[in-house]
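Enquirer: When you get a sec, could you give me coordinates for this:
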Amino acid sequence: MAPSTQFEVSQPPSDAISALIFAPDNTNRLLVSSWDRYIYLYEIAEGTEDATLINKFEHRAPVLDVCFGANGNEAYTASLDCSVKRIDLTTGEQTVLSTHEKPVRCVVYSPQHSVLISASWDHTLHVHNISAPASTPITISLPGKPHALAASPSKVVVAMTARLVHIYDLPTLATALSSADPASVNITPWQQRESSLKFLTRAVACMPNDAGYATSSIEGRVAVEWFEDTAESQARKYAFKCHRQTAPEEEGGGDVVYPVNALTFHPVYGTFASGGGDGTVALWDAEAKRRMRQYQKFPDSVAALAFSNNGKYLAIGVCRGFETDMEDFSSEGRTKVFIRELGETEAKGKGPK
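Expert: A predicted model of the protein is given here:
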């Protein structure tokens, strides 16, 4: 069995990392978005501990999220300048798909339905028909400010303020986009839920088998839930504490609680990784309800995580967070991207207890 290895990317962003994601058709291609107004495209050299910066693409304002499209040559971005853009990673051409009234927090692409969804602090979702990029997107009003967005093969999960969670059916959205007058279609959530977590949601990730999702909060907790709306299925949901450290006795003892900033599911084994403000990454078995392993502490807060499409690599975005103070904040020189090549069974769960 091949041992795991880990290395640091040599040309990271100059400011805080907002997101990172691997290409759907290329295990070695990685995109990173940053508050420095750029997205960065890297290529991992096969068989080496090195990732080359292929190109970087400037925006007018900080980039809050990024995702790949149908392949590794196109990307979509969410920006503080309120725009949703398509980036041709080969030519560098940028096309504005829609403009929200306030900054765009999240963007997610569904390869199964060729649908792009953006979530903005203006309390709306824009649903874009990528097969007709010039068409007007469907606008869905939200009851709260969205903070996290994730898609499974058939669902999209929106986590908002006030513990609100809306789940939309992707085939329904795709059908609405193909109607004669998409703008007139009234879209309602497939399900409306209250978060299992009492504090603000920081991240959401969907299970690759389309069965459910996980959410994390600013208060050092993760919740795991299933889509199926039956009493049996809902009885399976659970939440647990994580990313906490014991405070010194001279400071009163107890726990120092950190936000859980990032979640990502392994595409093959269905286990998931979490990253927190405590600078650690942990691997969890969702079915067995147990922590599988915790990696060494990173130099700063873990801001973003992503597995490659085959689960071979785990990308880890590390930068200063706001866990200690916000005065004179600067992440320059402290932003790092680590790539971990996993051992063959490193992320494989052991099944239910």
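Enquirer: Low-confidence bits of the stretch 201-350 of the chain, can you list those?
Expert: The stretch 201-350 of the chain contains residues with pLDDT under 70 at 322-332.
Enquirer: What segments of it are strands?
Expert: 201-206, 212-217, 221-226, 238-241, 244-246, 255-257, 260-265, 272-276, 281-285, 290-294, 301-307, 313-319, 336-341 (DSSP state E, counting those that start in this stretch).
Enquirer: strands paired with the last one, and their directions?
Expert: Right, strand 336-341. Strand pairing for strand 336-341, using DSSP bridges, gives strand 5-8 (antiparallel), strand 313-319 (antiparallel).
Enquirer: Mind putting the strands of the stretch 201-350 of the chain into JSON lines with distance to Gly47?
Expert: C-beta: built from backbone N, CA, C; applies to glycine. Below are those laid out as JSON lines (distance: least, C-beta to C-beta, whole Å):
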{"stretch": "strand 201-206", "distance to Gly47": "29"}
{"stretch": "strand 212-217", "distance to Gly47": "33"}
{"stretch": "strand 221-226", "distance to Gly47": "35"}
{"stretch": "strand 238-241", "distance to Gly47": "38"}
{"stretch": "strand 244-246", "distance to Gly47": "37"}
{"stretch": "strand 255-257", "distance to Gly47": "41"}
{"stretch": "strand 260-265", "distance to Gly47": "24"}
{"stretch": "strand 272-276", "distance to Gly47": "24"}
{"stretch": "strand 281-285", "distance to Gly47": "24"}
{"stretch": "strand 290-294", "distance to Gly47": "25"}
{"stretch": "strand 301-307", "distance to Gly47": "19"}
{"stretch": "strand 313-319", "distance to Gly47": "13"}
{"stretch": "strand 336-341", "distance to Gly47": "10"}
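Enquirer: Tell me which of those sits nearest to Leu149.
Expert: strand 201-206 (6.9 Å; C-beta to C-beta).
Enquirer: roughly how far out does that closest one sit from the chain middle?
Expert: 7 Å (C-alpha atoms, centre = their mean, to the nearest Å).
Enquirer: thinking again about what came up before, let me have the strands paired with strand 336-341 in TSV, extended by mean neighbour count and distance to Trp190.
Expert: TSV is the format used below for these (neighbours: other C-beta atoms under 10 Å; distance: least, C-beta to C-beta, whole Å):
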stretch	mean neighbour count	distance to Trp190
strand 5-8	14	39
strand 313-319	25	31
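Enquirer: Is it possible to get TSV of those that adds distance to Ala306?
Expert: Output for the strands paired with strand 336-341, formatted as TSV (distance: least, C-beta to C-beta, whole Å):
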stretch	distance to Ala306
strand 5-8	15
strand 313-319	5
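Enquirer: re earlier: and the strands of the stretch 201-350 of the chain: which comes nearest Asn26?
Expert: Each of those was scored for nearness to Asn26 using C-beta to C-beta, and the closest is strand 313-319 (11.2 Å).
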